[in-house]
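1. return atomic coordinates for the entry below.
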Amino acid sequence: MRWGGVPGVAKCLYAVSTTGAVQLTASTTTAVLGVRAPESFGLDLKKLRVGFGGTSGAPATVGLYLCTFATNPPGTASTTVTPVQVAGRQITAGFTAAQEWTATPGALTQIEAFPISPNGGLLVYDIPLGDTPDCAPGQGFVLLMNSPAAVGVWASMWVERC
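-> Reported below is the predicted structural model:
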């Protein structure tokens with residue numbers, strides 16, 4: 001048994017980030033970043049990072065969603081991104097991730113949504129221990145964003161296998 005985690009399972013933490021600024025079109029919701037677990041394990045969301053590079057003062061909406069990926073899984077209508085392991089024994093990530101969907105993945109269940117100013121707005125959030133959302137095997141998380149003005153956004157999620 002290992003302390004601080006699931007018995008017999010080594011901690012493996014990964015960062016998944018956009019490869020550059022994702023350009024939001026004014027008043028159009030965009031799936032900016034997402035991760036999908038395989039059928040063999042789930043994912044525990046540990047950290048979120050969102051940064052805007054705009055000059056508009058009108059707030060953008062950032063939404064965190066659970067997603068079944070019934071349509072458009074990572075790599076379909078999106079650009080695949082590579083998870084980077086940041087902690088734990090070195091093993092293959094075993095899950096997929098993508099950015100900038102041209103068609104929103106489905107089916108989505110909103111966890112929360114909040115406004116952030118695109119005028120240099122920044123969110124750095126480490127989810128408190130015991131409050132981290134997790135997804136079922138074969139499902140994952142998606143960040144949806146909508147800004148009243150065209151703006152570039154960078155995002156990252158840190159996830160742990162569970």
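2. which stretches of this structure have low pLDDT?
-> Applying pLDDT under 70 to the chain picks out residues 1-10.
3. just the strands from it, written as ranges.
-> 12-17, 22-24, 30-36, 43-52, 60-71, 79-80, 84-88, 96-99, 106-116, 122-126, 134-135, 140-146, 151-161 (DSSP state E).
4. of the ones you listed, which stretch is the most buried?
-> The highest average neighbour count among these, using mean count of other CB atoms under 10 Å, belongs to strand 30-36 at a mean of 25. Just so you know, the C-beta spots here come from the backbone N, C-alpha and C atoms, and that holds for glycine as well.
5. contacts for it, please.
-> With contact meaning CB atoms under 8 Å, 6 or more residues apart in numbering, strand 30-36 is reached by 16-18, 22, 24, 43, 67, 69, 73-74, 78, 81, 83, 95-101, 104-105, 138-146, 153, 155-157, 159.
6. mind doing that once more with 7 Å?
-> 16, 18, 22, 24, 43, 67, 69, 73-74, 95-101, 104-105, 139-145, 153, 155, 157, 159 (CB atoms under 7 Å, 6 or more residues apart in numbering).
7. what does stretch 63-70 give?
-> Under CB under 7 Å, 6+ apart, the answer for stretch 63-70 is 34, 36, 105-113, 135, 139-144.
8. starting at the chain centroid, how far to that stretch?
-> Computed by CA atoms, centre = their mean, to the nearest Å, the chain-centroid distance of stretch 63-70 equals 9 Å.
9. got it, and stretch 122-138?
-> 10 Å.
10. run a quick neighbour tally on Ser40.
-> Per other CB atoms under 10 Å, the neighbour tally for Ser40 reads 10.
11. how close does it sit to Ala107?
-> 21 Å (CB to CB, to the nearest Å).
12. surely Asp23 touches Gly152?
-> Heads up, residue 23 is Gln, not Asp. Yes - at 5.5 Å, Gln23 and Gly152 qualify as touching, with contact defined as CB atoms under 7 Å.
13. thought Phe52 was touching Val151?
-> Yes - between Phe52 and Val151 a contact is recorded at 5.6 Å, counting by CB under 7 Å.
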